[in-house]
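*Asks:* what follows is a predicted protein model with its sequence.
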Amino acid sequence: MPKNSKQYRAQVEQAPKEPVSLEKAVEVLKGFNRASFDQTVEVHMRLGVDPKQADQIIRGSIVLPHGIGKTQRVVVFAKGDLATAAAEAGADEVGQEDLAKRIQEGWFDFDACIASPDMMGVVGRLGRVLGPRGLMPSPRAGTVTQDVAKVVREYKAGKVEFRNDSGGNVHAMVGKLSFENDKLLENIQAFVSLITGMKPAAVKGTFVRGISICATMSPGIRIAA
């Protein structure tokens, strides 16, 4: 929604001016549901990290308690028995050089990319196109793995990857506005708890400096500490 639209301006006026409890924030957010589609709910956390320092990078993944409200398309780089296992687990596409060629030619119709370790010679060449889109398989994110079938099932169940941006902020999709309040709450709490527990030893000051939630077409609502 354009930020100068009448509806958006009205929502800004209705939004709490000060941080509120998570329960209240979810209640307010669901009251903004005036769009003609089921909006995505996101959580944004401002962290006291220096993103230029490798030992302060916040990166990982989480399987949210109630999923994210959408079926994720998953592609897998694997061969032999692992390729068969990935397909049986529900991968949308499984391949090797053929899959790499499609991606190099501009095909990105997927939400997650998984690779077995022996395929990284092929996948490594895709870093320039997958990296900027946050789709490059990584051991740290759990997307380079021998157990490709398990990870496929996790993403199909609503696994979410995250990594702090250049400003030290972490963002994640945590559900849809159509979710019941308690399910949205549990998803958000699970994500916030995970990030809070990831404070790097190198960070001496306040780690979590701000939390807000928003929907696709709504202003953000700040959460009280």
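*Replies:* That came through fine.
*Asks:* return the set of buried residues in the longest helix anywhere in the chain.
*Replies:* As assigned by DSSP state H, the longest helix anywhere in the chain is helix 181-196. Applying a neighbour-count criterion of 16 or more other CB atoms under 10 Å, the buried positions in helix 181-196 are Lys183, Leu184, Leu185, Glu186, Asn187, Ile188, Ala190, Phe191, Val192, Leu194, Ile195. For every residue, glycine as well, the C-beta is placed using N, CA and C.
*Asks:* next structured bit after that helix?
*Replies:* Using DSSP states H and E, the helix or strand that follows helix 181-196 in sequence is strand 208-215.
*Asks:* pipe the buried residues of helix 181-196 into a markdown table and attach distance to Arg34 and pLDDT per row.
*Replies:* Shown next, in a markdown table, are the buried residues of helix 181-196 (distance: CB to CB, whole Å; pLDDT from 0 to 100):
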| residue | distance to Arg34 | pLDDT |
| --- | --- | --- |
| Lys183 | 21 | 96 |
| Leu184 | 17 | 96 |
| Leu185 | 22 | 96 |
| Glu186 | 25 | 97 |
| Asn187 | 22 | 96 |
| Ile188 | 21 | 97 |
| Ala190 | 28 | 96 |
| Phe191 | 25 | 97 |
| Val192 | 27 | 97 |
| Leu194 | 31 | 96 |
| Ile195 | 30 | 97 |
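*Asks:* of all pairs in those, which one is the farthest apart?
*Replies:* Lys183 and Ile195 (19.3 Å; CB to CB).
*Asks:* and the contacts of the longest helix of the chain?
*Replies:* For helix 181-196, the external contacting residues (CB atoms under 8 Å, 6 or more residues apart in numbering) are 22-23, 26-27, 30, 41, 43, 45, 47, 58, 60, 62, 64-66, 68, 160, 162, 170, 172, 174-175, 179, 207-208, 211, 213.
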